[in-house]
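S.K.: Build me a structure from this.
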Amino acid sequence: MDEHSFHERIQSTPGDIDLLREYAHWLVTNKDPRGKHLIAELDVRDAKAQLIQSESDLFQMRSVRSCDFEWLDSILPLKVASPVAGKFYCAPAPDEPPFIKQGDFCFPDTIIGIVESLKVFHKIPATYSGIVDEIVVTPGASVTSGEVLIKLVRPQKPIAHGKQSN
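M.R.: This next block holds a predicted model:
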């Protein structure tokens, strides 16, 4: 099969992931760098779909049956680490309140702090849903890449984005 044939098949069956993977592997076999790029794009798409499904499954499990979250937190703790080395700030400015405090509920996109590295300010998201159990790093401290900034615990009741159930 040649590239033109692949394009015709792709146009006639849009969204056929197996065909796109076959095309990507054909490109790689023919030493075309677009093949690796297409494989990476398809892998990211698959990973995002799997993540959405897993989050949905977890939400359903939590709403149907309770779980021993203390046990789960002990074996799989929720820790937010710095992605870069730099200086940690817990507030957007010195005269403003901190992004979070102990006991606050965080969603994955909640900003928990900022790390300044090479004059670039990196906003750090919580990456998990949970309740702030401990803020490990003091404001203004130097942190290394991978250093834990905060620890979260799982909520005891299911949480819908934007609100906590009672």
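S.K.: Might you list the low-confidence residue ranges for the protein?
M.R.: Filtered on pLDDT under 70, the chain yields the residue ranges 61-68, 157-166.
S.K.: Could you check how many residues crowd around G140?
M.R.: 10 (other CB atoms under 10 Å). Where C-beta positions appear, they are placed from N, C-alpha and C, glycine not excepted.
S.K.: Ignore what I typed, I meant W71.
M.R.: So W71, with other CB under 10 Å, has 9 neighbours.
S.K.: Please apply the same query to A85.
M.R.: The number of residues packed near A85 is 14, by other CB under 10 Å.
S.K.: what helices or strands is the top helix by length along the chain leaning on?
M.R.: In the chain, taking DSSP state H as the definition, the longest helix is helix 34-64. If you count contacts as 3 or more CB pairs under 8 Å, 6 or more residues apart in numbering; DSSP states H and E, helix 34-64 packs onto helix 17-29.
S.K.: Residues in contact with the helix it packs on: which ones?
M.R.: For helix 17-29, contacts defined as CB atoms under 8 Å, 6 or more residues apart in numbering pick out 1, 6, 9-10, 13, 34-36, 38-39, 42, 45-46.
S.K.: helix/strand/coil for the residue most central in space within the chain?
M.R.: The residue lying closest to the centre of the chain (CA atoms, centre = their mean) is T127, at 4.9 Å. Using DSSP: H, G, I helix; E, B strand; the rest coil, the structure places T127 in coil.
S.K.: Relative to Q60, how far out is the residue lying closest to it once chain neighbours are set aside?
M.R.: Nearest non-adjacent residue to T127, counting by CB to CB, 6 or more residues apart in numbering: P108, 5.4 Å away. According to CB to CB, to the nearest Å, P108 and Q60 sit 18 Å apart.
S.K.: One more: P92?
M.R.: Separation of P92 from Q60 (CB to CB): 36 Å.
S.K.: Comparing those two, which residue is more hemmed in?
M.R.: Each of P92 and Q60 has its neighbours counted (other CB under 10 Å); P92 has more, 15 against 11.
S.K.: Name the SS class of I150, please.
M.R.: strand.
S.K.: count of neighbours near it?
M.R.: 26.
S.K.: Tell me the bridge partners for it.
M.R.: Bridge pairing for I150 (DSSP bridges) gives the partners V80, I135.
S.K.: Now do the contacts for A91.
M.R.: Going by CB under 8 Å, 6+ apart, A91 touches 97-99, 139.
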